[in-house]
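Undergrad: Build me a model:
(chains A, B, C and D)
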There are 2 protein chains.
Amino acid sequence: MALRHAVLAALLDGEYSGYQLAKAFDVGVANFWHALPQQLYAELTKLEKEGLVAGRQVVQETRPNKRLFRVTDAGRAELEKFAAAVPKPSFIRDELLVKVQVADRIGTAPVIEQLEERASAAEAKIELLGELLRRMRGDADEEEFLRRGERIGPYLTCLRGLAFEQEHRDWCLRIAAVLKERQSTHAER
Amino acid sequence: MALRHAVLAALLDGEYSGYQLAKAFDVGVANFWHALPQQLYAELTKLEKEGLVAGRQVVQETRPNKRLFRVTDAGRAELEKFAAAVPKPSFIRDELLVKVQVADRIGTAPVIEQLEERASAAEAKIELLGELLRRMRGDADEEEFLRRGERIGPYLTCLRGLAFEQEHRDWCLRIAAVLKERQSTHAER
DNA sequence: TATGACTAGTCATTTTCTTGAGTATAATGC
DNA sequence: GCATTATACTCAAGAAAATGACTAGTCATA
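TA: Residues are numbered from 1 along each chain as shown, chains lettered A, B, ... in the order given. Model (predicted):
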């Protein structure tokens, strides 16, 4: 019951099609959740049936028709109920961590490579998020924006995304360095 | 196909029962994955059927009998294959983030409370992980340990857990402060 | 002019995760 | 002495997520 709320949250800022949502939920512009297109289409259908969102058909000449969705009052009420409920704890769940856990017992080389790839992926996302944040706050500096900005929710979640990616990158680089160092000093078994 | 590898990884350090694994996977000592007891028991059964782990019955007088599992050669090979495969990207998936995303549009008060609760939960875990790390490295300082320590895998994943929790705590406190400040300056709608 | 990428979805299946309940004994705490 | 917690599991059901395949038109590019 969490994807539904993520969808409602994303839809709170305006009308979007399933396709548009899918992009946002995929690339990570939406730093607060992640889902595949199929999940989103399915969820939108369910939400519409329950009256939490309302869709309207938009006929397009040159592109396939699409359906734009917006949150209804019932949807907003549902979100409010959700916000008041106790949240489930969040966990890291990362395949790379599993690999690092055993890296010193099995082959280190591929893990080092993956750590470095991850680090540069994180770097790219850091750039992207930095740009996004700059655009969101406009001329104001951060403090100012956070005090007086109109819509700070997305900014705050992006901040978390940014901090997460920075931590992620730093850890990857550090661990890669540690494993490399050991690779050269210890004899490979 | 990731839980199986997490289980194999956890089992690599010795023989454990499903019950013991469940504790490790629950509390977060295992900072590289999370799972419920039922999943673990089921996974162990499957892994045994496939010959990736081997279990042996240990008869106990005073406690219920238990089954201890260890990784077989086939299991180790499977882990190696896994380590070499391209890893899936990791995502944050946190209900609290969804709430923060919409916090400025709906009720802020409960979200602030939840942020502060999260922060203190993170604080507690930080303590725990710090203690764990200290115990793992013994007398040596970190640099030293990472260069020459026997088994650094678990240490490295704990480091990530620690950094994650610190970032988590800092963000929660910062956002709670921002939302509070706005609550007092803006008129609540 | 074929190739692939982009828009805008749908359908079906499988895997994974979560929730809830139940069994049985033993040690510990009030 | 009675309640709680800890050990050690099992079974079933349901929700959520991931995987894969498919439709169908448009646009840019090589």
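
Undergrad: Scan chain A for its longest helix.
TA: If you go by DSSP state H, chain A has its longest helix at helix A:153-185.

Undergrad: Would you agree residue A:122 is in contact with residue A:163?
TA: No. Here residue A:122 does not reach residue A:163: they are 11.5 Å apart, not a contact under C-beta atoms under 8 Å. Placement of C-beta: from N, CA and C, glycine included.

Undergrad: Can you point out the buried residues in stretch A:52-69?
TA: For stretch A:52-69, the neighbour count (16 or more other C-beta atoms under 10 Å in any protein chain shown) marks A:52, A:53, A:54, A:55, A:66, A:67, A:68, A:69 as buried.

Undergrad: same question, stretch A:70-85
TA: Residues of stretch A:70-85 classed as buried: A:71, A:72, A:75, A:76, A:78, A:79, A:82, A:83 (neighbour count, 16+ other C-beta under 10 Å).

Undergrad: Among those residues, which ones are in helices?
TA: Going by DSSP H, the helices hold A:75, A:76, A:78, A:79, A:82, A:83 from the buried residues of stretch A:70-85.

Undergrad: Export the buried residues of stretch A:70-85 to JSON lines and append columns for distance to DNA strand D.
TA: Shown next, in JSON lines, are the buried residues of stretch A:70-85 (distance: C-beta to the nearest atom of the strand, whole Å):
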{"residue": "A:71", "distance to DNA strand D": "18"}
{"residue": "A:72", "distance to DNA strand D": "19"}
{"residue": "A:75", "distance to DNA strand D": "16"}
{"residue": "A:76", "distance to DNA strand D": "19"}
{"residue": "A:78", "distance to DNA strand D": "13"}
{"residue": "A:79", "distance to DNA strand D": "15"}
{"residue": "A:82", "distance to DNA strand D": "11"}
{"residue": "A:83", "distance to DNA strand D": "17"}
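
Undergrad: near DNA strand C at all, the helix or strand bottoming out on mean pLDDT in chain A?
TA: Sorting the helices and strands of chain A by mean pLDDT, DSSP states H and E puts helix A:18-27 at the bottom, at a mean of 89. Yes. Contact of helix A:18-27 with DNA strand C (C-beta under 7 Å from any atom of the strand) involves A:18, A:19, A:20, A:23.

Undergrad: Now the first one: closest residue in space that isn't a chain neighbour?
TA: Taking C-beta to C-beta, 6 or more residues apart in numbering or on different chains as the measure, residue A:18 lies nearest to residue A:41, with 4.7 Å between them; neighbours along the chain are not counted.

Undergrad: So which residues on chain A come close to DNA strand D?
TA: Contacts of chain A with DNA strand D, taken as C-beta under 7 Å from any atom of the strand, map to A:1, A:2, A:3, A:34, A:35, A:36, A:38, A:39, A:62, A:63, A:64.

Undergrad: so which of those are also by chain B?
TA: By C-beta under 8 Å from any C-beta of the partner chain, the members of those lying near chain B are A:2, A:34.

Undergrad: Looking at the residues of chain A next to DNA strand D, spot the one nearest chain B.
TA: residue A:34 (4.1 Å; C-beta to the nearest C-beta).

Undergrad: my read is that closest one is in a helix, agree?
TA: No. Applying DSSP: H, G, I helix; E, B strand; the rest coil, one finds residue A:34 to be coil, outside a helix.

Undergrad: Run a quick neighbour tally on it.
TA: By the other C-beta atoms under 10 Å in any protein chain shown criterion, the neighbourhood of residue A:34 contains 18 residues.

Undergrad: separation between it and residue A:93?
TA: Note on residue A:34: its distance to residue A:93, by C-beta to C-beta, to the nearest Å, is 12 Å.

Undergrad: One more: residue A:43?
TA: Applying C-beta to C-beta to residue A:43 and residue A:93 gives a distance of 21 Å.
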